[in-house]
Each structure stands twice: as structure tokens, then as C-alpha cells.
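Chemist: Build the 3D model from these lines:
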Amino acid sequence: MLDWWEKNFATIEFGDRRLNERAMSIGYALSLGFGKGLSEIFSNGKVLKRAYEFLPTQKWNFPV
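Modeler: Okay, here's the model as predicted:
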């Protein structure tokens, strides 16, 4: 799954270093915990909340 992470997250660019780092860390955790629920992947409540808050971000502008 780390190949998936590298393909989808390693070169991500949102124009904000903090957003880039958060996306990469969330993507990395998701690749390690593939098939598990978010509450299992992010066992720390603060990190889980930040992942939930980040995922519906409208700042994404992916080319199609």
C-alpha cells in the first residue's frame, strides 16, 4: 500500500505547506491501515478529529 501512498500523496500540492503535510500524513496512515475504520487508523482522538475535518476540504483542486 505504500506504493499507493507515494502515487497519490507524495507529490500533492495545495499551495500551503501545512495542508500538504497534513494530507501526506493522513494518506500515509490510510495506506498503513487500509481496510480499517478511521477510528482504528487514528487512535488518538485529536488526530482522528483533524482527519475528519480535513477530508471534506473544499480547497482541493484536482485536475481531471
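Chemist: alpha carbons only for contacts and neighbour counts from here, please
Modeler: Noted.
Chemist: Just the pLDDT for the residue most central in space within the chain.
Modeler: By Cα atoms, centre = their mean, the chain has its centre lying nearest to I26, at 2.7 Å. I26 is assigned a predicted lDDT (pLDDT) of 87.
Chemist: what's around the closest residue to it other than its chain neighbours, how many residues?
Modeler: Excluding the flanking residues, the one nearest I26 by Cα to Cα, 6 or more residues apart in numbering is A51, at 6.7 Å. When counting by other Cα atoms under 10 Å, one arrives at 18 neighbours for A51.
Chemist: just for the chain, where's the confidence low?
Modeler: Low-confidence segments of the chain (pLDDT under 70): 1-2, 56-64.
Chemist: returning to that earlier point: residues in contact with the helix or strand hosting the residue nearest to I26?
Modeler: Following DSSP states H and E, one finds A51 within helix 45-54. Defining contact as Cα atoms under 8 Å, 6 or more residues apart in numbering, one finds that helix 45-54 is touched by 23, 26, 38-39, 42.
Chemist: rewinding a little: mind checking which helix or strand the residue nearest to the centre of the chain is in?
Modeler: Using DSSP H and E, I26 falls within helix 17-32.
Chemist: starting at the chain centroid, how far to that helix?
Modeler: Relative to its chain's centre, helix 17-32 lies at 4 Å (Cα atoms, centre = their mean, to the nearest Å).
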